[in-house]
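Engineer: Pasting the sequence and the predicted coordinates here, then a few questions.
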Amino acid sequence: MREIRVAIVGVGNCASSLTQGIEYYARGNPRDVIGLMHYDICGYTPEHINIVAAFDVDKRKVGKPLSEAIFAAPNCTKVIMPSVQGKNLLVSMGHPLDGISPHMAGYPESRTFVLADKKPDDVARILKERNVDILLNYVPVGSEKATRFYAECCLESGVSMINCIPVFVGSDRGWVRKFEEKGIPIVGDDVKSQIGATIIHRMLAKLFTDRGVKIDRTYQLNTGGNTDFLNMLNRDRLVSKKISKTEAIQSVLDAPIDPENIHVGPSDYVPWQNDNKVCFLRMEGRIFGDVPMNLELRLSVEDSPNSGGCMIDAIRCCKVARDRRVGGVLESISAYTMKHPMTQYPDDVARKMVEEFIRGERAR
């Protein structure tokens, strides 16, 4: 049976949603699929994704079966499938490095991380021993040292990396060159949601521009109650996140908006929202005759499941690239599923590029 062997770093809400989603679609009827952009990619369906390694640093997850760890606190995402694969897979101890922000110590254990008192496991050795194809990096936003550590483990073990957070590896030419020299595919950075704040903001900004509307000012304010939003209360960890989200919007405009007139990024932590993310978006502009207009939008969505569809496509495209012996950054699927790819493309163009890649008409 064909198989995609996956390792997950960071068994948080996104990992929980993805793990549950793989099980959900593996058991579903392929003729009645809701929520996937592609059910089949070059013969790979969700049931071919097998999670064979998982790493975390929280004492409630390390040493526990993955099937239990994905539901352990502080995870708070919606339950899609209460029973999932991973009953025999124990979560290994990862390397904390800069993964836990000091400010989180002041919050209740049910809401934050609790560091396990264990020695980190040998990540590269585990990746090799378990014949991992792809490592998914789900460590907290701002984990610069941790992300680069796991990237080095991938290079050492010949494993591909899908970098789901806004630490620039898959969009950094130096790192991409290392993966290309090793013949290893990489996808990144900062995973998009299926229907999230950034993709909607991008599409509206492109619509305004295409229809001749001059955008004068815009903001995107996001609130949520998961550990991602709690982590991002430390504004020092938000530098690359704001760059990633802002560039994703600016890239679709004919002329960039002045920095003082665009604000895109997380705004606050509201504990009772749990994994629900609320986006408040405003765009101000001028239409025919220099007449002013504005648009306001409110989006409410479960944050972690919202990225699952993009991840399932990214995983399978990455495996196809490995099958084809393609190394380096995968330009098409990165542009389609990531906020900060090496090269930004309009979303309709990126989608066409992915279809060409799947058909074998595009190398990357």
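Structural biologist: That came through, no problem.
Engineer: which stretches of this structure form helices?
Structural biologist: Ranges of helices in the chain, per DSSP state H, are 13-27, 66-69, 123-129, 144-157, 173-182, 197-210, 227-231, 239-250, 308-323, 331-337, 347-359.
Engineer: Need the winner for burial among the ones you listed.
Structural biologist: helix 331-337 (a mean of 26; mean count of other C-beta atoms under 10 Å). Every C-beta, even on glycine, is put in place using the N, C-alpha and C of the backbone.
Engineer: Which secondary structure element of the protein has the lowest mean pLDDT?
Structural biologist: strand 262-269 (a mean of 90; mean pLDDT, DSSP states H and E).
Engineer: Show residues contacting that strand.
Structural biologist: Contacting residues not belonging to strand 262-269 are listed as 198, 201, 217-225, 229-230, 232-233, 238, 241-242, 245-246, 248-250 [C-beta atoms under 8 Å, 6 or more residues apart in numbering].
Engineer: ok, that strand: who's next to it in the sheet?
Structural biologist: strand 214-224 (parallel) (DSSP bridges).
Engineer: which residues sit against the strand it pairs with?
Structural biologist: Identification of contacts with strand 214-224 by C-beta under 8 Å, 6+ apart yields 197-198, 201, 205, 208-209, 229, 245, 249, 253, 257, 261-270, 273, 275-286, 303.
Engineer: returning to what we had before: figure out how far the least confident helix or strand of the chain is from the centre of its chain.
Structural biologist: From the chain centre to the centre of strand 262-269 is a distance of 18 Å (C-alpha atoms, centre = their mean, to the nearest Å).
Engineer: How about stretch 334-343?
Structural biologist: Going by C-alpha atoms, centre = their mean, where stretch 334-343 is centred and where its chain is centred differ by 11 Å.
Engineer: With stretch 269-287 instead?
Structural biologist: 19 Å.
Engineer: Can you lay out the helices of the chain as a markdown table showing mean pLDDT?
Structural biologist: Below are those laid out as a markdown table (pLDDT from 0 to 100):
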| stretch | mean pLDDT |
| --- | --- |
| helix 13-27 | 94 |
| helix 66-69 | 96 |
| helix 123-129 | 98 |
| helix 144-157 | 98 |
| helix 173-182 | 97 |
| helix 197-210 | 96 |
| helix 227-231 | 96 |
| helix 239-250 | 93 |
| helix 308-323 | 97 |
| helix 331-337 | 98 |
| helix 347-359 | 97 |
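Engineer: Verify the stated contact: Glu331 with Pro341.
Structural biologist: Yes: using C-beta atoms under 8 Å, Glu331 makes contact with Pro341 at a distance of 7.1 Å.
Engineer: what angle separates the least confident helix or strand of the chain from helix 239-250?
Structural biologist: Between strand 262-269 and helix 239-250, the angle comes out at 130 degrees (axes from the mean of the first three to the mean of the last three C-alpha atoms, to 10 degrees).
Engineer: Can you check which of the helices of the chain gets nearest to Ile100?
Structural biologist: Closest approach to Ile100 among the helices of the chain (C-beta to C-beta): helix 227-231, 8.4 Å.
Engineer: who's in contact with that closest one?
Structural biologist: 12-13, 74, 101, 104, 107, 111-113, 140-142, 222-223, 237, 266, 268-270, 277, 303.
Engineer: again, only this time at 7 Å
Structural biologist: With C-beta atoms under 7 Å, 6 or more residues apart in numbering as the test, helix 227-231 has contacts from 12, 74, 101, 104, 107, 111-113, 140-142, 237, 266, 269.
Engineer: cool, stretch 64-73 as well?
Structural biologist: 11, 15-16, 19, 51, 54, 56, 60-61, 84-91, 110.
Engineer: same thing but at 8 Å, please
Structural biologist: 11, 15-16, 19-20, 51, 54, 56, 58, 60-61, 79, 83-91, 109-111.
Engineer: In PyMOL, select just the buried ones from these.
Structural biologist: This is the PyMOL syntax for the buried subset of the contacts of stretch 64-73, where burial follows 16 or more other C-beta atoms under 10 Å:
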select buried, resi 11+15+16+19+20+51+54+56+58+60+61+84+85+86+89+90+91+111
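Engineer: So which of the contacts of stretch 64-73 sit within strands?
Structural biologist: Counting by DSSP state E, the contacts of stretch 64-73 place 51, 54, 56 in strands.
Engineer: thought Thr209 was touching Val252?
Structural biologist: Yes: Thr209 is within contact range of Val252, at 7.1 Å (criterion: C-beta under 8 Å).
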